[in-house]
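Chemist: Test case, fold it:
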Amino acid sequence: MKNYTVRIISPFGEILIDFEDNLIKKITLSSFLNYKGFKVINEAKGKFLESINEFENYFKGNKENFKNSIKFIDWNSLTNFQRKVFKELLKVKWGNTLTYSELAERVGNKNLRRCVGQALAKNPFPIIIPCHRVIGKRGLIGFSAGLEWKRKLLELEGILL
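Modeler: Numbers count the residues shown, from 1 in each chain. Take a look at the predicted model:
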């Protein structure tokens, strides 16, 4: 097994991407920073360079979702419910949001909004799986890396709350 971590300094803070063999195992967003650029501290290897380029393009305002990175997600590390929620969430494009209730309805039952919230709170692939695009009925709530990250990601996508 080949494990390594790529460390990126994004405009909003540090991002750690853990790779194992041919999969992305986890993405960690650090506490919020206000950095002016995008800098890769540890270089990605091989095909994972595409994922790092997608992150850089995202922070430059490229509206394409993470098409290449999605191929490297370790879907087996997720529960069936998480897979269902995350695959539905991948359909929410740049600049769009939906509520927890709307996402719950899309996965089969609008009363599962709390379960959806719990699945999103445990999202090991933030930004690639865009849980920041899920908001409460009354506005901005919940994000594992903190609301400042969520707010800035949404603002980058042109969403002002």
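
Chemist: residues of stretch 59-74 that come out buried?
Modeler: 59, 65-66, 68-70, 72-74 (16 or more other CB atoms under 10 Å). Where C-beta positions appear, they are placed from N, C-alpha and C, glycine not excepted.

Chemist: for that stretch, the distance to its chain's centre please.
Modeler: 9 Å (CA atoms, centre = their mean, to the nearest Å).

Chemist: that older thread, what's the lowest-pLDDT member of the buried residues of stretch 59-74?
Modeler: Taken together, those show their lowest pLDDT at residue 65, with 79.

Chemist: how does this protein divide into domains?
Modeler: The chain breaks down by automatic domain parsing into domains covering 3-70, 76-156.

Chemist: how about the closest residue to residue 85 other than its chain neighbours, what does it touch?
Modeler: Leaving out its chain neighbours, the residue that sits closest to residue 85 by CB to CB, 6 or more residues apart in numbering is residue 119, at 4.6 Å. Applying CB atoms under 8 Å, 6 or more residues apart in numbering to residue 119 gives the contacts 79, 81-82, 85-86.

Chemist: do residue 59 as well
Modeler: Contacts of residue 59 (CB under 8 Å, 6+ apart): 10-12, 38, 156.

Chemist: which SSE is the residue nearest to residue 85 in?
Modeler: helix 113-121 (DSSP states H and E).

Chemist: starting at the chain centroid, how far to that helix?
Modeler: That offset, for helix 113-121, works out to 15 Å (CA atoms, centre = their mean).

Chemist: Note down every partner strand of the helix or strand following it and its orientation.
Modeler: Next in sequence after helix 113-121, counting helices and strands by DSSP H and E, comes strand 134-135. Strand 134-135 has these partner strands in its sheet, going by DSSP bridges: strand 98-99 (parallel).

Chemist: mean confidence score for the partner strand?
Modeler: For strand 98-99, mean pLDDT rounds to 95.

Chemist: This protein: strands as residue ranges?
Modeler: 3-10, 13-20, 23-32, 39-40, 98-99, 134-135 (DSSP state E).

Chemist: which of the domains of the chain has the lowest average pLDDT?
Modeler: Among these, domain 3-70 scores lowest, with a mean of 81.

Chemist: Next, the distance between the ends of that domain.
Modeler: 18 Å (CA to CA, to the nearest Å).

Chemist: Residue 52 touches residue 5, doesn't it?
Modeler: No - applying CB atoms under 8 Å, one finds residue 52 not in contact with residue 5, separated by 12.0 Å.

Chemist: neighbour-wise, which of those two wins?
Modeler: Applying other CB atoms under 10 Å to residue 52 and residue 5 shows that residue 52 carries more neighbours, namely 20 against 15.
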